[in-house]
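K.L.:
Pasting the sequence and the predicted model now:
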Amino acid sequence: QVQLVESGGGLVQAGGSLRLSCAASGIRFSIFSINTMGWYRQAPGKQRELVAAITNGGSTNYADSVKARFTISRDSAQNVVYLQINTLTPEDTAVYYCKAVLRRIAWGTDMDYWGKGTLVTVSS
């Protein structure tokens, strides 16, 4: 069973930094490959939004609002994706979710898997 487990969230003061991690497990690599991994966030009362994503080739994509402060990286050997967040502001307060897009190799079809999220709270 595919699982994504996020960690690294917590309470931090404005201006601080955090590093979130997301570890993927239970993937049958004889059947699936990991295409893209990414981070989304959902603030109270708001919709879930893409923060950053990284492909298996290392290409990255960021939301404009975080581009200067967030860095996504990936350890493909360990199936872990990281999100370095710098200069946190109270507006970054949200539950941060990890998402993996798995491709069924034989069929060329993709499936999305989500973690349960990790809470980041930024105090002013």
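P.N.:
Looks like it came in fine. Predicted model, so just to flag it, every value in this text is computed and none were measured.
K.L.:
Look up how far T55 lies from the residue lying farthest from the centre of the chain.
P.N.:
Most distant residue from the mean C-alpha position of the chain: A106, 26.2 Å away (Cα atoms, centre = their mean). Relative to T55, A106 is positioned 20 Å away (Cβ to Cβ, to the nearest Å). No exception for glycine: its C-beta is placed from N, CA and C like everyone else's.
K.L.:
Likewise for S33?
P.N.:
In terms of Cβ to Cβ, S33 sits 11 Å off from T55.
K.L.:
what's the answer for R41, then?
P.N.:
20 Å.
K.L.:
quick one, which of those two is more surrounded?
P.N.:
Just comparing R41 and T55: by other Cβ atoms under 10 Å the higher neighbour count belongs to R41, 24 against 15.
K.L.:
Identify the bridge partners of that one.
P.N.:
E49, Y96 (DSSP bridges).
K.L.:
my guess is it contacts E49, does it?
P.N.:
Yes. Counting by Cβ atoms under 8 Å, E49 is a contact partner of R41 at 6.2 Å.
K.L.:
Report the secondary structure state of the residue nearest the centre of the chain.
P.N.:
Using Cα atoms, centre = their mean, the residue of the chain that lies closest to the mean C-alpha position is W39, 2.5 Å off. Under DSSP: H, G, I helix; E, B strand; the rest coil, the three-state class of W39 is strand.
K.L.:
I'd assumed T71 was in contact with it.
P.N.:
No. If you go by Cβ under 8 Å, W39 and T71 don't touch, sitting 10.7 Å apart.
K.L.:
any shared contact partners between those two?
P.N.:
Listed as contacting both W39 and T71 by Cβ atoms under 8 Å, 6 or more residues apart in numbering are 52, 83.
K.L.:
circling back: check the gap between the residue nearest to the centre of the chain and V5 for me.
P.N.:
14 Å.
K.L.:
residue contacts, E91?
P.N.:
43, 122.
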